[in-house]
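A.B. asks: Can you look at this prediction? I've put the sequence above it.
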Amino acid sequence: MGQKSTEVKDVKIEKILEELPELLVKHAYQKLKSGNKLTASEMKVCLDVCKTYSTEKLGAKPNNILEEVPFDTNG
């Protein structure tokens, strides 16, 4: 039987570094959404990967519309 080659030819490290975060987030997301039971460690790793490599919006606090409402605080 033929063996599968794991050698990647002519792949630049810059290309790998560009694609790796996206692949990590996709894999973590699929694992979280799979419905399979995860250990606490697996869940923490998946959540950390998503938080670390996703956009700033994921870690941002939701907008509080009350902060922008001009309340009369002078009485």
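C.D. replies: It's in. Numbers count the residues shown, from 1 in each chain.

A.B. asks: Of all the residues in the helix or strand hosting Lys26, which ones are buried?
C.D. replies: Using DSSP states H and E, Lys26 falls within helix 13-33. Using 16 or more other Cβ atoms under 10 Å as the test for burial, helix 13-33 gives Leu24, Val25, Ala28, Leu32. From N, CA and C alone the C-beta is placed, and that goes for glycine too.

A.B. asks: Next one: the closest residue to the first one other than its chain neighbours from Glu14, what distance?
C.D. replies: Pointing back at Leu24 there. Leaving aside its chain neighbours, Leu24 sits nearest to Val49 (5.0 Å; criterion: Cβ to Cβ, 6 or more residues apart in numbering). Separation of Val49 from Glu14 (Cβ to Cβ, to the nearest Å): 21 Å.

A.B. asks: how many other residues sit next to Val49?
C.D. replies: Neighbour count for Val49, taken as other Cβ atoms under 10 Å: 19.

A.B. asks: what does Asn36 give?
C.D. replies: 8.

A.B. asks: ok, now the one 10 residues further on?
C.D. replies: The local packing count at Cys46 equals 20, with neighbours defined by other Cβ under 10 Å.
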